[in-house]
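S.K.: this is a predicted model, with the sequence first.
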Amino acid sequence: MISKSLAQKVLNAALATGGDYAEIYAEQKESSSIVLENGKVDSVGGHLTYGAGIRILQGLRSVYGYTSDLSEKSLLSLATKLAASYEGERLFTVTSIKKQRVKVINKIEDSLMDVPTEEKISYLKECYEATKSVDERLVRIQDAFSNYRTTIEIFSAEGEEGKQFENCEERGRLVMVAFAAGEGNQIETAFKGPGRYDGWNYFTKVLDYKDKAKQVGEKAIMMLSAKECPSGNYSVVIANGWGGVLFHEACGHSLEATATAKGLSVFSDSIGKQIASPIVSAFDDGTIANEWGSNNIDSEGHVTQKNQLIKDGICVGFLVDKANGRRLNMEANGCSRRQSYRYAPTSRMSNTYIAAGKDDPEQIIKDTKLGIYVADFGGGSVEPTTGEFNFSASEAYIIRDGKICEPVKGCTLIGSGKEVLMNIDRVGNDVALGQGMCGSLSGSIPVNVGQPTLRISRITVGGRGGKLE
């Protein structure tokens, strides 16, 4: 996309007014998507986009801009305009650029971009048939498959010898939504969206897509008979996998340097302090091969890492990008991410999860006399500066005498990140991950959330069903 000689010119133009670090991030992205509505093709599309962003750092200051014109004239013009944000003398001149070796940890044998459209449509129709077969009360079924391949070049310099990185990432995601109609105007929905940094073989041979499609239909039908969730302070058991979204939102964002470096997080001053129950440890790991949130390098060229955030309840680390690392006096640790060249990078999660404990998941439920079992979450919101949150459960049940009983709807969990972490009293040994998209300052990016089955001893549950008995 950009030659070394041009990159060297652009970097030097960016550094002309005293910047101590300059970076060019160039990308080309190919994407495709197919959507079926009730088994019939609703849309088929594809896009090719490309562009570059330039960032200049000077101490704790940062300036960023982007362009979709990769010509020498355009890139030099952008670099010059950005450099005008500073007033100073050149600190150094980039005299060479050395290409860096990038270790590929996410290997793909059969690219999703090479799969014929007709084959993907047939795949989605199989999903539709599996969902439709569940019950005639399923009135609307949506199935979609999207995938993309992004080729990235990064040129950076904070000294005379610049660095060049190249990376290619490819992801695909299957999305299934079912709508069930009950009496009157009652409509219930269910969703599943497995994703993977992988090829077609995973989606057709490894992923049990027909079973997941059937589960979507079964869940929507089940919710038609669900009663309103009771309200009060109860023990809550949260299922493994997608249940980790609660930790991701209520605690994970508050451990990103984006918030902690500026004192905007409830955990800004928590390194070395107990912020969770002693049985809780948590990681963010961008190195898990072929997982949805993984990558070979981050958006600044750093190798992705397995970063421990909490160890035995003690906060031991943050997710740190280059710019915010300067404020914290910490080294960047491979977690700088962005949606595209239109966004400046910042610290973001990748595959974030609470680590496995020692408890048998079934025993956790057996030892809960009365409470709520949350099998899946819907939407929610959190305030990073206080850690306060509310999350709606899309699938929940009553626990009575150690058994999962009737389903309930309208279940909301209300609390704070600190409260939740400290009140975890049981942690299972069954860690699983779930796929989602995370939005923040640097755009929307693919992330995994995860955890084992765990129990929160006490948390506020919102609902319209009165008192739990």
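M.R.: Nice, I can see it.

S.K.: from Glu161, how far out is Ile459?
M.R.: To Glu161, Ile459 is 53 Å away according to CB to CB, to the nearest Å. Using the backbone N, CA and C atoms, a C-beta is placed for each residue, glycine as well.

S.K.: when those two are compared, which one has more neighbours?
M.R.: Between Ile459 and Glu161, counting by other CB atoms under 10 Å, Ile459 is the more crowded of the two (21 against 12).

S.K.: show me the strands paired with the helix or strand containing that one, marking each as parallel or antiparallel.
M.R.: When elements are assigned from DSSP states H and E, Ile459 belongs to strand 454-462. Partner strands and pairing direction for strand 454-462 (DSSP bridges) are strand 232-238 (antiparallel), strand 411-416 (antiparallel), strand 424-427 (antiparallel).

S.K.: just the CA atoms of the second one, as CSV, please.
M.R.: In CSV, the C-alpha atoms belonging to strand 411-416 read as follows (Å, rounded to 0.1, in the frame of the first residue of the first chain):
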residue,chain,number,x,y,z
CYS,A,411,-34.6,-9.7,34.9
THR,A,412,-32.2,-6.8,35.5
LEU,A,413,-29.0,-6.9,37.6
ILE,A,414,-28.1,-3.6,39.3
GLY,A,415,-24.9,-2.8,41.1
SER,A,416,-21.3,-1.7,40.8
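
S.K.: and the next helix or strand past it?
M.R.: helix 417-422.

S.K.: what is that next one packed up against?
M.R.: Applying 3 or more CB pairs under 8 Å, 6 or more residues apart in numbering; DSSP states H and E, one finds that helix 417-422 makes contact with strand 454-462.

S.K.: list the contacts for the residue of the chain most remote from its centre?
M.R.: Going by CA atoms, centre = their mean, the residue of the chain most distant from its centre is Glu89, 40.5 Å out. Counting by CB atoms under 8 Å, 6 or more residues apart in numbering, Glu89 makes contact with Thr17, Gly18.

S.K.: what does the model give Lys418 for pLDDT?
M.R.: Per-residue confidence (pLDDT) for Lys418: 88.

S.K.: pretty sure it is touching Ser265, no?
M.R.: No: here Lys418 does not reach Ser265: they are 11.2 Å apart, not a contact under CB atoms under 8 Å.

S.K.: who has more neighbours out of those two?
M.R.: Taking other CB under 10 Å, Lys418 and Ser265 do not tie; Ser265 has more neighbours (24 against 19).

S.K.: for the strand holding Ile459, buried residues please.
M.R.: Across strand 454-462, burial judged by 16 or more other CB atoms under 10 Å covers Leu454, Arg455, Ile456, Ser457, Ile459, Val461, Gly462.

S.K.: wait, what's in contact with the third one?
M.R.: Going by CB under 8 Å, 6+ apart, Ile456 touches Ser235, Val236, Val237, Ile238, Val420, Asn423, Ile424, Asp425.

S.K.: partner residues bridging it?
M.R.: The partner residues for Ile456, given DSSP bridges, come to Val236, Ile424.

S.K.: now stretch 320-327: mean pLDDT?
M.R.: 97.

S.K.: same check, this time on stretch 352-360
M.R.: The pLDDT scores in stretch 352-360 average 97.

S.K.: quick one: distance of it to the chain centre.
M.R.: Centroid displacement of stretch 352-360 relative to its chain, using CA atoms, centre = their mean, to the nearest Å, is 19 Å.

S.K.: and the contacts of that stretch?
M.R.: With contact meaning CB under 8 Å, 6+ apart, stretch 352-360 is reached by 244, 247-248, 252, 279-285, 293, 309, 426-431, 433, 447-454.

S.K.: what do you get if the cut-off is 7 Å, keeping everything else the same?
M.R.: With contacts defined as CB atoms under 7 Å, 6 or more residues apart in numbering, stretch 352-360 is touched by 244, 247-248, 252, 279-284, 426-429, 431, 433, 447, 449-452, 454.
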